[in-house]
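Chemist: With the input below, show me the fold.
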Amino acid sequence: MTLVYDPTAPAPGATQNLYHRVGNLSGKVVGFIDNSKPNFNFLVDEVAELLMNEHGVKAVIKRAKRGASMPATQQVLDELAAQCDLVVTGSGD
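Modeler: Residues are numbered from 1 along each chain as shown. Next up is the predicted model:
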């Protein structure tokens, strides 16, 4: 028997889905939260270039967390929410 655990948790006080489909990426601003693990910054640079050159992404905003086990600061979350059409958080190694 294989068990699969869902690591996500609902946001405190959330009563609805907090996401929406972006659709076409052309003209969109994409944010990345670097979790400070090795090599994620290299992956983000490559993905950002691909998104801009091949999918018409207007801009990429990159912010880093202090550590992999630390949450992003509220300031970073607010900034990305205000400026980005979508945000990707990732892992390296």
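Chemist: if I look at the closest residue in space to Asp34 that isn't next to it in sequence, how far off is Val30?
Modeler: Distances taken as Cβ to Cβ, 6 or more residues apart in numbering put Ala64 closest to Asp34, at 4.1 Å, once the chain neighbours are dropped. (C-beta placed from N, C-alpha, C; glycine too.) Separation of Ala64 from Val30 (Cβ to Cβ, to the nearest Å): 16 Å.
Chemist: hmm, back to that, ok, the residue nearest to Asp34 - contacts?
Modeler: Applying Cβ atoms under 8 Å, 6 or more residues apart in numbering to Ala64 gives the contacts 33-36, 41.
Chemist: Just the closest of those residues to Glu49, please.
Modeler: Nearest to Glu49 among the contacts of Ala64 is Asn41, at 12.9 Å by Cβ to Cβ.
Chemist: tell me which element the closest one falls in.
Modeler: Using DSSP states H and E, Asn41 falls within helix 40-55.
Chemist: can you pull the buried residues of that helix?
Modeler: Buried residues in helix 40-55, counted by 16 or more other Cβ atoms under 10 Å: 40, 44, 47-48, 51.
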